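Student: Sequence first, then the predicted structure:
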Amino acid sequence: GTASGARHFLDLKDFSAEDLRAVLDSAAAMKARRRKGEIAAERPLAGKMLAMVFDRPSTRTRVSFDVAMRELGGETLMLTGSEMQLGRGETVGDTARVLSRYIDAIMIRILDHDLMLELAQYAEVPVINALTKVSHPCQIMADVMTFEEHRGPIGGRTVAWSGDANNVLASWVHAAARFDFTLNIAAPLELSAPAALLDWARGEGARVNVTTDPFEAVDGADAVVTDCWVSMGDEDEHYRHNLLSPYQVNAKLMAAAKDEAIFMHCLPAHRGEEVTAEIMDGPRSVVFDEAENRLHAQKGILAWCLGA
Ligand code: CP
Ligand code: NVA
């Protein structure tokens, strides 16, 4: 929260385990009620307007937030950074104060994490982090939901990450502490998780293990997770392909995980790079369930932020 007391959703580490569990429970309940056609009729967010500010492209986040808001009876306004005065140098603080006079909640995708935090500091309405260079909390809410649908409670289980220790991985680290699972991270030294993030995890008593060996990471894993080699903002870093190719999730790596291990990826995916087509499109892949659960998880997050 901030001075205004608005219920922001900025990072999983800001929340207690109980609050995150409550958001997931409400997401699951709304998913079940959607099947019966009930939730749309209830319209718990009727009269509420969500501004969706996108400074970077998006398919899943954009569509899932928009549909989630509408299915809950609310409305959305799509704004892109370049179309706003933000793109001409108006401060994030002033933008936040102005939007707060019209809008009930603001979702923002912007690479600069500090600008997202500044928006939240000045906003008088809830701000939702829809991806920064530092973290992607909404994604990992959907991922935990998906894991549990396929494999039961995540507490005490083992998730393995193989690849670039990026924004998505950072939110997995936060989740490991809050949902009490073991997270094994395999990444090249040059693209390893930030020391401050790992220090935070240690301070929380989280079981987060770091290695450069993907086979060591997936040993005993219930889920193998990866993400693209070139995240938004990394497009000029061509050396990434060479560094990350040993971390590709392929049949050989999946064979070293538990027999029942699932494959997860936030998408968009690049077949032949971070994952082979065989694994991405194979029976252990739950990536499209993850994508679907973005919709249900966003509903839990929106309902929490807006007190519905
Ligand atoms: N996973 C995810 O956030 O996808 P988009 O970039 O399409 O929103
Ligand atoms: N790590 C990726 C996630 C995209 C949803 C990126 O930041 O581009």
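Tutor: Perfect, I can see it now. Ligands and ions are numbered 1, 2, ... in the order given.
Student: going forward, measure contacts between C-alpha atoms and count neighbours the same way
Tutor: Will do.
Student: Kindly export stretch 295-302 (C-alpha atoms) in PDB.
Tutor: Taking Å, rounded to 0.1, in the frame of the first residue of the first chain, the C-alpha atoms of stretch 295-302 are listed here in PDB:
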ATOM      1  CA  LEU A 295      -7.600 -14.900 -17.100                       C
ATOM      2  CA  HIS A 296      -8.700 -16.500 -13.800                       C
ATOM      3  CA  ALA A 297      -5.800 -15.300 -11.800                       C
ATOM      4  CA  GLN A 298      -6.300 -11.700 -13.100                       C
ATOM      5  CA  LYS A 299      -9.900 -11.900 -11.700                       C
ATOM      6  CA  GLY A 300      -8.600 -12.900  -8.300                       C
ATOM      7  CA  ILE A 301      -6.100 -10.000  -8.400                       C
ATOM      8  CA  LEU A 302      -8.600  -7.400  -9.600                       C
END
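Student: That one near ligand 1 anywhere?
Tutor: No. On the criterion CA under 6 Å from any ligand atom, stretch 295-302 is out of touch with ligand 1, staying 11.1 Å away.
Student: For residue 29, give its distance to residue 60.
Tutor: 21 Å (CA to CA, to the nearest Å).
Student: These two: who's more crowded?
Tutor: residue 60 (17 against 14; other CA atoms under 10 Å).
Student: Give me the spatial nearest neighbour of that one, chain neighbours excluded.
Tutor: residue 291 (6.7 Å; CA to CA, 6 or more residues apart in numbering).
Student: and the helix or strand encompassing that neighbour, how far from the chain's centre?
Tutor: Assessed by DSSP states H and E, residue 291 sits inside helix 287-305. Here helix 287-305 is found 10 Å from its chain centre; the criterion is CA atoms, centre = their mean, to the nearest Å.
Student: now do stretch 87-97
Tutor: 25 Å.
Student: what comes into contact with the helix holding residue 291?
Tutor: Residues from elsewhere that reach helix 287-305 (CA atoms under 8 Å, 6 or more residues apart in numbering): 6-9, 23-28, 30-31, 44-45, 60-61, 64-65, 67-69, 72, 105, 126, 138-139, 141-143, 145-146, 263-267, 280.
Student: from these, which would you call buried?
Tutor: With burial judged by 16 or more other CA atoms under 10 Å, the buried subset of the contacts of helix 287-305 is 6-9, 23-24, 26-28, 30-31, 44-45, 60-61, 64-65, 67-69, 72, 105, 126, 138-139, 141-143, 145-146, 263-267, 280.
Student: and the gap between the residue in the chain that ligand 2 sits nearest to and residue 167?
Tutor: Using CA to the nearest ligand atom, the single residue of the chain nearest to ligand 2 is residue 231, 3.4 Å away. The gap separating residue 231 from residue 167 is 9 Å, by CA to CA.
Student: next one: residue 191
Tutor: From residue 191 over to residue 167 (counting by CA to CA), the distance is 12 Å.
Student: the more surrounded of the two?
Tutor: Of the pair residue 191 and residue 167, residue 167 is the one with more neighbours under other CA under 10 Å, namely 20 against 16.
Student: In contact with the more buried one: list those residues for me.
Tutor: By CA under 8 Å, 6+ apart, the neighbours of residue 167 are 131, 132, 133, 134, 135, 136.
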